[in-house]
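Student: No letters, just coordinates:
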C-alpha cells in the first residue's frame, strides 16, 4: 500500500526539482558577473562546499601585529549568491586593523577574546562613533564608511567580522594612497598631505612616483 | 519625403538597440548563476519562448490525490530574470498538497474550480492563518513560510499558483525529513518525533538510515 | 515532564519573535514609501488580510467589451512587500485590452476560458511576439513593454494576470495620449499622429486642449 | 591662511550633508515597512546605537539544553537597513537547536567552542548536507532551507550565527506544527504524521485542537 | 625597518584581494544574463575601460532634427553591474525626441545648451507633467513612463540623460506601433487609431501588414 | 456613440488607479527609512516636484577652487525611490575635488567645459585608473571606491556627476580624518600618518583632540 505513494510522489514533483536553485556554489573556473559566479552543477556539490576550515589563526608577527583571514567567495565558494561572508581578525597586543572601507558591504564584528577599540566615521558632519568592545560585544559598521579596529587590551584579541555580501571588498586607505604608482604631486593635491609625509609612507609601503 | 525619415530613424537609434535587454530567455544549456541563466541571443528568440502550453491537467490518481505542474524557469525559460513564475494545482476529492515552503518566493493562489482549504503558519507566535477558498478567491502565502492546500469540497479542485521568482524552490517537509538518508536518530533528536513514526514514514517515502 | 519543555521553549525564543517580519500587511491609512506601505501591527492581522474575494466577474457591457479587476496592494493589502499581485481579465466576444505597459512589473497571463490573442513589442528592432492562447496556455510579458490582449475566439474569455510587484502600474497608451490636457500640437509633434486623429480620440476619451 | 579653507570647506559641502543616509538606526516606536523601520534622526544617534552587549550566555537548563540569543533589528536597532544581523547559540552537552528555517535570510555559523553537528536539507532531491564542525569551522545554510545544529561533542558548545538580513525570521517546524491551534486532523492530513504522534507533541508544546 | 611592514602587509591581505569585485567591466563576447554581462578579468582591465569619448555630437540633419547617442553597456562596458548609464541628446531647432519609455530605468535630464520642453505622463489619472527647461535645469522621468523632449527654443539644444541602469532600454511608441509587421487590423483594434492613420505612419516608418 | 466609451473607460480602470505608484516624491517632513522617504500624496504633486533649477554655478573663490552642488533627495525630492541623482561640479583653474568616496552609489562624470584629470583606486592590488577628460568625455567611478577630480587645464572646468542612488553619500577622506574629534593618537595608529601631519591638518580643518 505504501509503495504507490512513494512511486507517485517521486513522479509528481520530479519536474519541479530541476528548477530548484536553493544554492549556487561558485564555479571559480568560470568568469564572474555582477551577481557573482556561475553555479557548480548541483550533482557535483558535496557537504564540503558548505563548510570551511580555513579560518585558522593568522600570523600577527608583523608590524601591525594583526592579521585578517577572509572567507569570501574566492576562499569559500559556498557563499556565492547568498548575501553573506565572514572573516577572522587576530590582533596581538597593540595590533591594529588600519583605516579601511568595504565598498560593497556592511559589517558586524563579534569580539571573541580580548578588548578591541573600534570606530567608524559617518559622512554626516564627520561624526566618529567609537566604542571599546569586550568579549561577547558586537558592533555594526555601515556600508562603505571608514572604520578601524585596534587591540586596546593587554592580551591577544580575536574577533569575527560578518559581511552583508559574498564579496565585500576591502580598501585600506594607506594602501590606496601609498602602495601604488599614484604620482606624489597628485596625491598631495587631492589629500592635502605634505610631500614628505607621502614619500615616507610610499617608501614604507612600496609605492612609486 | 517620408523615405529620409525612415532611413534616418533607423540609423539614429541603431547603436542603442544593441544594448536592449528587454528580456533574457534562459539558455538552459549554460550554467546558471545567482540571478538566473544566461540569455539566449535575441535573434534566436521567437514567440514560442514567451508562451507555454505545458500546464496540462496533472494526474491525481495517487495517494495524495493531487498534482503540481510547474512553469518555472526550467520548464518555461521565458520567465528567466523577470521575477515571476506559475504552477498549476490539481486536487481530486480529498486531495492534499502537503506542508511545504518555497525558500525563495511568495505565492498567490487563485482558485479556478472547487473549494480549497489553505493555510500558512507565521513564525510570529506560530499563528495559523486558515481560509476556505471558493472559485475566484485568492490567497497570499508570504515567502518561506510553511503552508498547505487541501480540497475541502466535494468536487475536483483546480488552482493556479503564481510565485515572485522564476525559481521559487519547493521544500516538502515530509520529503525533507523522510525521503533521504538523514539518520533516524538525528531526525528524532531534531524533530522530537518518535523513532517508530520516523521509521514508518521513511518506509513510505523511501528514506534510509 | 513535558511541562518544562513547553515552558522553557516559550521563554527561549521569546525575544526573537518580536523581530519577525514574515509579512507586512499594508496599513493604507499611512503614507506609502518607495518599498510600499508601512505594516499593520501583527497582532491586528487576521486570516482575512491574506485572502481576497473581490476578483468578481467584471462588467464587459462597454465598448471595449472587456474589464480589468485588480488585486494590487490598494485592493489587497496582504501583498504589500511580497513582490507579487494579481488581476482578473474578462473579455466578452470581440473584447480588447488596449495597448498598455506596466512600468514596474512583468506579467504572466493564464487563460482560463476562451481564446485570447496576445502580443508584446520588444524594443529590440521593434519585433512583435504574437500568440493565440487557448484554455490553460500561459504567456509572459516582460517588464515595461507595450502589450495587449484581445478575445480572438467566439465565446467569452477569462484570464488571470500575475505581476512581479504589488503595484505594477498600468499605463494605457490611449489614455496617456488622449485622456488629459496634453496640448494637441505637442502630441502631434511627439507622436507624428495627425491633428484630426488626435482631436477625434481626445473627443472620445475626454481629453482637452 | 588656513582659516579660509576651514570656513569655505564647511560651506562648500554643507547642503549635501543633509542628504546623507549612511545609516538608518531603527526607530522602533514607529511602524515598520517592507524595507525595515523608519530611521532615528541622525542627531539623536550615538555610538551606543551601533554596539550591543546583549549577546550574553543563554540559559541552557532546559530540555533542549540549548539557547538562542538574537541581535536582530528588534534587539539591536543599529542593523536596520544594513542587510545583516547576528545571534548567539549556546548548546550544553546533548543540546539541540531543532529543525527550523529562516524565511528571509541565509546563515553562516562560526563555531567558537566545542563540536557541533550541523546539517541542512536541499529541495534538490532532498539531499542532506551534514558536517561535524570543530572550533573555528564555519558553515553556510542557504536561505529558507530546513537546518539544525546539535552539540555532538562532550563539552559545552558556543557558536555565532550571522544572517543576511536584519530580520531573518525563525520558523521552528515543531512549533509551527504543534504549538498552536492547527486542528489535529488537518495537520495529520498535510504531514502524514499519526494522530497519536501529533497529540503527544501538541501536549508537550501546548498546542490545542 | 620599513621593509618588513611592506613585506608583511603584502602577504597579510593577499588572499582577500582575489575576491574583490570592485567593478565588473562587461566582456561583450560572452552571453549576458539578467544582471548584466560576465566580467573581464581584472588583470586585462585598463583605465580606458572606465572612460568613454564616444558621446560626440549627433547628426541632426534628419526629419526629427534630433539625435540620441547612448553610452549604455553595449557602447561603454565599464558601466556593467553599476546601476547607471548616460546618453547625449542633440536637438536642432524644432528637434523632437518622440514619445518613448525606458522599460528598465528612471532618467534625469540635464540641459547644457538651449531650451527644452519636456514632459512625462503618469498613469495616475493620466496627469501630464510638463516643464520648460533652460540651461542648467534638470528633470526626472520616473521608470517606465511615457515621456518626450522637444527643442522649444530658437537655438540648438544639448542635454545629457542619465539612467538608473546600464541597459535602460528604449521603446519609441511610433516604432513599436508602425515600424514592424504588426497587422494593421490588430493595431487599430488595440489603439483605436484609424486604419488610414496607421497605414500612413507604417508607410513612413517602414512597417508592413 | 463615443460618450459611453469615455464613461465606461473611466469606470473600468478606476480602482486600479488608486494603486499606481509611478513615482514617490519625498515628503521630507516625515522620517526616512532604508528605502528612502515616504511619498507625498500624488494629488499634491506638481510638475515642479520633477524639475530643479538649483544646480547653479558654485562659488569657487576658495582654497580648493572648486564647488560641489548636489541635487540629491534632500535638495530634489522628486528623485526619491528612483535610484538616481545628480550633482554639479565647478572647478576653477587649479581646482580640486579631494579624495572621497560615495558609500552608496556609483558615479558617472560628464565633462561639459575644460579639462579634468580624474582617477579612482581599486582595492584589487591598489591599481589606480587615471584619465584626462576633455569636453564631452565621460568616466565611471565604481561604488564606494576612493576617487578625485582636478582641473588639469588652463580654464574653468564644469562637469555633471550622476549617481546610482538618490542619496549617494559623500565621505571626504580629509574631513573624516581631520575635521572631527577623533583623537590624534588613534588616528596616527590607524593611518600611519605622523602626529605633526595630523595636527597640521586638524588645525586647518577644525579638528580637535
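Tutor: Here it is on my side, so go on. All of these numbers come straight from a predicted model, not from anything done at the bench.

Student: Near chain E, which residues of chain A? Just list them.
Tutor: The interface of chain A toward chain E, taken as CB under 8 Å from any CB of the partner chain, is made up of A:30-35, A:58, A:62-64, A:66-70, A:72-75, A:87, A:103-104, A:167, A:169-172, A:175, A:179, A:203-206. The C-beta positions use only the backbone N, C-alpha and C, and glycine is treated the same way.

Student: among these, which are in helices?
Tutor: Mapping the residues of chain A next to chain E onto helices (DSSP state H) picks out A:175, A:203-205.

Student: Count the neighbours of the closest residue to residue A:127 other than its chain neighbours for me.
Tutor: Take residue A:127 and drop its neighbours on the chain: the residue closest to it by CB to CB, 6 or more residues apart in numbering or on different chains is residue F:180, 6.6 Å away. Here the number of neighbours of residue F:180 (other CB atoms under 10 Å in any protein chain shown) works out to 20.

Student: show me the contacts for residue F:180.
Tutor: A:121, A:125-128, F:207-208 (CB atoms under 8 Å, 6 or more residues apart in numbering or on different chains).

Student: which one of the residues you listed has the most neighbours?
Tutor: Ranked by neighbour count (other CB under 10 Å), the contacts of residue F:180 have residue A:121 at the top, with 25 neighbours.

Student: Surely that one and residue F:172 touch.
Tutor: No. Checked against CB atoms under 8 Å, the pair residue A:121 and residue F:172 is beyond contact range at 10.4 Å.

Student: so where do the strands sit in chain A?
Tutor: Using DSSP state E, the strands found in chain A span residues A:51-52, A:66-71, A:85-91, A:96-101, A:107-113, A:116-121, A:128-133, A:138-141, A:147-151, A:157-163, A:171-172.

Student: wait, which of the ones you listed is closest to chain B?
Tutor: strand A:85-91 (13.5 Å; CB to the nearest CB).

Student: Each with direction, which strands does the closest one pair with?
Tutor: strand A:66-71 (antiparallel), strand A:157-163 (antiparallel) (DSSP bridges).

Student: Against residue F:144, how distant is the residue nearest to residue A:127?
Tutor: 21 Å (CB to CB, to the nearest Å).

Student: By mean pLDDT, which helix or strand of chain A comes out lowest?
Tutor: Taking all helices and strands of chain A together, the one with the lowest average confidence (mean pLDDT, DSSP states H and E) is helix A:14-17, at a mean of 36.

Student: Could you chop chain A up by domain?
Tutor: By the record's domain assignment, chain A is partitioned as A:63-70+A:83-167, A:175-205 (automatic domain parsing).

Student: Please identify the deepest-packed of those.
Tutor: Per-residue neighbour counts averaged over each of the domains of chain A give the maximum for domain A:63-70+A:83-167, namely a mean of 23 (mean count of other CB atoms under 10 Å in any protein chain shown).

Student: Can you give the distance of that domain from its chain's centre?
Tutor: Here the centre of mass of C-alpha atoms in domain A:63-70+A:83-167, compared against the chain's by CA atoms, centre = their mean, to the nearest Å, lies 10 Å away.

Student: next one: stretch A:180-197
Tutor: Going by CA atoms, centre = their mean, where stretch A:180-197 is centred and where its chain is centred differ by 28 Å.

Student: Same question for stretch A:59-69.
Tutor: Here the centre of mass of C-alpha atoms in stretch A:59-69, compared against the chain's by CA atoms, centre = their mean, lies 16 Å away.

Student: In a markdown table, list the strands paired with strand A:85-91 along with mean pLDDT.
Tutor: As requested, these are arranged in a markdown table below (pLDDT from 0 to 100):
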| stretch | mean pLDDT |
| --- | --- |
| strand A:66-71 | 96 |
| strand A:157-163 | 98 |
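
Student: Which one of these lies nearest to residue E:42?
Tutor: Residue E:42 lies closest, by CB to CB, to one member of those: strand A:66-71, at 16.9 Å.

Student: so where's chain A uncertain?
Tutor: Low-confidence segments of chain A, defined by pLDDT under 70, are located at A:1-21.

Student: can you rerun that using 80?
Tutor: Judged against pLDDT under 80, the low-scoring parts of chain A cover residues A:1-21, A:124.

Student: For chain E, see how far away the residue of it found nearest chain B is.
Tutor: When CB to the nearest CB is the measure, chain A has its nearest residue to chain B at residue A:81, with 2.9 Å between them. Computed as CB to the nearest CB, to the nearest Å, the residue A:81 to chain E distance reads 11 Å.

Student: Who's the closest spatial neighbour of that residue, skipping the chain neighbours?
Tutor: Closest to residue A:81 by CB to CB, 6+ apart is residue B:34, at 2.9 Å.

Student: For burial, what's the neighbour tally of that neighbour?
Tutor: Under the neighbour criterion other CB under 10 Å, residue B:34 is assigned a count of 23.

Student: mind listing what it touches?
Tutor: Applying CB under 8 Å, 6+ apart, one finds that residue B:34 lies in contact with A:24, A:35-36, A:39, A:80-81, E:35.

Student: swap in residue A:27?
Tutor: Counting by CB under 8 Å, 6+ apart, residue A:27 touches A:37-40, A:77, B:31.

Student: Between the residues you listed, which sits nearest chain E?
Tutor: residue A:38 (8.3 Å).

Student: what's the distance between that closest one and residue B:26?
Tutor: In terms of CB to CB, residue A:38 sits 13 Å off from residue B:26.

Student: any common contacting residues for the two?
Tutor: Common contacts of residue A:38 and residue B:26 (CB under 8 Å, 6+ apart): residue B:32.

Student: The residue of chain A closest to chain B and residue A:36 touch, don't they?
Tutor: Yes. Applying CB under 8 Å, one finds residue A:81 in contact with residue A:36, separated by 4.9 Å.

Student: which neighbours do these two share?
Tutor: Overlap of the contact sets of residue A:81 and residue A:36 (by CB under 8 Å, 6+ apart) consists of A:24, A:26, A:166, B:33-34.

Student: which two in the residues you listed are spaced the farthest apart?
Tutor: Farthest pair in the shared contacts of residue A:81 and residue A:36 (CB to CB) is A:166 and B:33. Separation: 12.2 Å.

Student: thinking again about what came up before, tell me which of the shared contacts of residue A:81 and residue A:36 is nearest to chain C?
Tutor: Checking the shared contacts of residue A:81 and residue A:36 against chain C by CB to the nearest CB gives residue B:34 as the nearest, at 16.8 Å.

Student: ok, now how distant is the closest one from residue D:194?
Tutor: Taking CB to CB as the measure, residue B:34 and residue D:194 are separated by 41 Å.

Student: Equivalent analysis for residue A:123, please.
Tutor: For residue A:123, the distance to residue D:194 under the criterion CB to CB works out to 61 Å.

Student: again with residue A:121
Tutor: Residue A:121 sits at a distance of 61 Å from residue D:194 (criterion: CB to CB).

Student: out of everything not next to it in sequence, what's closest to residue A:190?
Tutor: Using CB to CB, 6+ apart, the closest residue to residue A:190 is residue F:148 (4.1 Å).

Student: was I right about that neighbour contacting residue F:99?
Tutor: Yes. With contact defined as CB under 8 Å, residue F:148 counts as touching residue F:99 (5.0 Å).

Student: Return every residue with contacts to both of these two.
Tutor: Jointly contacting residue F:148 and residue F:99 under the rule CB under 8 Å, 6+ apart are residue A:190.
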